[in-house]
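[1] Just a sequence and a predicted model for now, questions to come.
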Amino acid sequence: MPIYHTLGTIPPKRHTVFRKPDGNLYAEELVSTEGFSSLYSLVYHCHPPTIVKSLGEPYSVEPKIAREKHLRHTSLIGFNIKPEDDYLQSRKPVLVNSDLHISLAAPRKSMTDYFYKNSQADEVIFIHEGTGTLKTGFGKIKFAYGDYLVVPRGTIYQLEFDDEKNRLFIVESFSPIRSPKRYRNSFGQLEEHSPYCERDIRRPQDLETIDELGDFKVLIKKQGIMYPYTYGTHPFDFVGWDGFHYPWALSIHDFEPITGRLHQPPPVHQTFEGHNFVICSFVPRKYDYHPLSIPAPYNHSNVDSDEVLYYVDGDFMSRKSVVKGQITLHPGGIPHGPHPGTVEKSIGKEKTEELAVMIDPFRPLMLTQDAVDIEDESYHTSWQINVE
C-alpha cells in the first residue's frame, strides 16, 4: 500500500553513519520488492539480521490436491475445520492455484515458541472470530472481527490471540496485494470514488525494540517447503524504519458500499487486487432504488474466472441455508445464480445485512484433501425445482 510511514529512530539521510549510544553502528537493511523497482522500506537493526546459528530439516507443507480438474458447484462448511493449538498447523489450504492459496484456520494458541515468515507470498488474513495483536519488527497492529491483515512477503511475524476462539480466512498471494488500480490516482492516492480511503488504513504502531541475543526460531516458507532457521538475535530488534513496505490492516466494516438504482456488478465491491485475481467485500447496504429493481443478483456465466464466496454473517437474499464460515465455489464454464424463489422474494426489499468476502481468480482453482473432507456433496443440486 503506497503510503509513506515511519516509526522509531532513523538517521537524517539514508545509507549514512548511524551509531548506537555505545558508538557501534546500527545495521541498515533495505527490504525491497521487484528488485529495486517497487515498494521498499529501510530498516535499522540493533544487530545484523544475518546471524544464523543453525538450520533445521526442511519439510513439505504443500497442499495435497484431491481434485485438480472439476466442473461442479461446490460448497465447503468452513467451521468444520477443527481447532488446533498451533497457528501454522491449524492453517488448512482448501482452494489453490498458481496465483493464490486460500486457507482456513482455527488456532487456539498464540505464537510464542517461534516466528513465521512467508518469503514468497503476501498474506491477507481475514479475522472472522477472535481478537489480538499482529506483532512484527515494524510495530504492532491490534485486530478484531472483520479485519483484513495484509502482511507483505518477507515479513517476520507472530499472532498473539486474546483467547482460544479464533477463526481465520487466509489468502496467500504470489503477487503483491494492492488497492484496486482504478481507485488510485497517478500518485498512488485513493481517489474520491474509492470505497475506502487512507484514513481507514491502520498502520503499525507501538514499535518495541527487542535487543536480545539467544536462540530464536523462525519458520520460513518458500515453494511449499518450510525451512526452520535459528537466528542469534531477536527478529524484532528494529530501532526504527521508514518506507512503503510494511503490514497494515483494513476493517471490512470501514468499506463503504457503492449502490445504484439498479443492481450493481461485483466490481463495485472490489477491495484488493493481485495478479489474476481480485478480493471483494460484501457489506450491509441499501438495495437498488429503481421502482422496478430486482435486488437479487441475476444468473451469471463465469466465462473467464471461478467465483469464491466466504460467508461471514447476516442473511443472503440469493442463497438458502447459508451458514457462517461456508465457502461456495462456482467454477468458470457453467452458470450460477440465485436459488429458486429468492428472486421474487427480494423484490421490494430495501437493504441487506449480509457480510462476505469474495474472490474471483482467473485461473481454475483446485480442491485439496482438506476441502473434500468438509464438502457438502449435495450443493450442486440446490437449484433444482419441480418441473412437470
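    Perfect, I can see it now. Note that the coordinates shown come from a computational prediction; the quantities given were computed from them, not determined experimentally. Numbers count the residues shown, from 1 in each chain.
[2] So what pairs up with the residue nearest the centre of the chain in the strands?
    Centroid-nearest residue in the chain, with Cα atoms, centre = their mean: Val124, separated by 1.6 Å. Note on Val124: beta-bridge partners Val150, Val171, judged by DSSP bridges.
[3] residue contacts, it?
    Val124 is in contact with 148-151, 170-171, 173, 177, 272, 279, counting by Cβ atoms under 8 Å, 6 or more residues apart in numbering. Any C-beta I mention is one placed from the backbone N, CA and C, and that applies to glycine too.
[4] Give me the buried subset of these.
    148-151, 170-171, 173, 177, 272, 279 (16 or more other Cβ atoms under 10 Å).
[5] State the pair within those residues that is farthest apart.
    The largest separation in these, counting by Cβ to Cβ, is between Val151 and Ile279 at 14.2 Å.
[6] Gly260 contacts Asp288, correct?
    Yes. If you go by Cβ atoms under 8 Å, Gly260 and Asp288 touch, sitting 6.3 Å apart.
[7] Looking at the two now, which is surrounded by more residues?
    The neighbour count for Gly260 versus Asp288, taken as other Cβ atoms under 10 Å, is higher for Asp288 (19 against 13).
[8] does the more buried one really touch Pro265, like I thought?
    No. With contacts defined as Cβ under 8 Å, Asp288 does not count as touching Pro265, sitting 11.9 Å away.
[9] one step back: which one of the buried ones among the contacts of Val124 is nearest to His45?
    Taking Cβ to Cβ as the measure, His45 lies nearest Val151 of the buried ones among the contacts of Val124, at 19.3 Å.
[10] Isn't the closest one up against Asp122?
    Yes. When contacts are counted by Cβ under 8 Å, Val151 is listed as touching Asp122 (6.8 Å).
[11] can you list the weak-confidence ranges in this protein?
    1-2, 317-318, 386-388 (pLDDT under 70).
[12] What segments of the stretch 201-350 of the chain are strands?
    Using DSSP state E, counting those that start in this stretch, the strands of the stretch 201-350 of the chain run over 213-222, 225-233, 238-243, 248-251, 270-274, 277-282, 285-286, 300-301, 307-313, 326-330, 335-336.
[13] Pull out the buried residues from the longest one.
    It refers to strand 213-222. 216, 218-221.
[14] what does stretch 360-374 give?
    360-361, 363, 365-368, 370-372, 374.
[15] which residues of this structure fall in helices?
    87-90, 342-346, 369-373 (DSSP state H).
[16] The ones you listed: which one's closest to Tyr40?
    helix 87-90 (27.3 Å).
[17] Residues touching the closest one, excluding its own?
    Contacting residues not belonging to helix 87-90 are listed as 61, 81, 83-84, 105-111, 116, 159, 219, 226 [Cβ under 8 Å, 6+ apart].
[18] Equivalent analysis for stretch 350-363, please.
    97-100, 102, 126, 146, 169, 171, 252, 266, 269, 276-287, 295, 304-317.
[19] Show the end-to-end separation of that stretch, please.
    In stretch 350-363, first residue to last residue: 36 Å (Cα to Cα, to the nearest Å).
[20] now swap in stretch 179-193 and tell me
    Distance between the two ends of stretch 179-193: 13 Å, counting by Cα to Cα.
[21] May I see the buried residues of stretch 89-105?
    90-97, 99-105.
[22] Redo the buried ones among the contacts of Val124 as CSV? Include distance to Leu39.
    Shown next, in CSV, are these (distance: Cβ to Cβ, whole Å):
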residue, distance to Leu39
Tyr148, 18
Leu149, 17
Val150, 12
Val151, 14
Ile170, 22
Val171, 19
Ser173, 14
Ile177, 11
Phe272, 15
Ile279, 19
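[23] so what's Tyr59 up against?
    Neighbour list for Tyr59: 225-226 [criterion: Cβ under 8 Å, 6+ apart].
[24] so what's it bridging to?
    Counting by DSSP bridges, Tyr59 is bridged to Met226.
[25] And for Tyr311?
    Beta-bridge partners of Tyr311, as defined by DSSP bridges: Ala356.
[26] residues contacting it?
    Contacts of Tyr311 by Cβ under 8 Å, 6+ apart are 319, 322-328, 356.
[27] Apply 7 Å and report the result again.
    Shown in contact with Tyr311 (Cβ atoms under 7 Å, 6 or more residues apart in numbering): 322, 324-326, 356.
[28] Tell me how many other residues surround Val61.
    Val61 is flanked by 14 other residues according to other Cβ under 10 Å.
[29] Tell me how many other residues crowd the closest residue to it other than its chain neighbours.
    Excluding its sequence neighbours, the residue lying closest to Val61 (Cβ to Cβ, 6 or more residues apart in numbering) is Met226, at 5.1 Å. Neighbour count for Met226, taken as other Cβ under 10 Å: 17.
[30] go on, the one 5 residues further on?
    For Tyr231, the neighbour count with other Cβ under 10 Å is 22.
[31] pretty sure it contacts Lys217?
    No. Using Cβ atoms under 7 Å, Tyr231 makes no contact with Lys217, being 8.1 Å away.
[32] what are the bridge partners for the nearest residue to Phe272 once chain neighbours are set aside, then?
    Nearest non-adjacent residue to Phe272, counting by Cβ to Cβ, 6+ apart: Ile279, 4.2 Å away. Assessed by DSSP bridges, Ile279 has beta-bridge partners Phe272, Ile359.
[33] so what's Ile279 up against?
    124, 171, 271-272, 357, 359.
[34] Of all the residues in stretch 347-360, which ones are buried?
    For stretch 347-360, burial by neighbour count (16+ other Cβ under 10 Å) applies to 352, 354-360.
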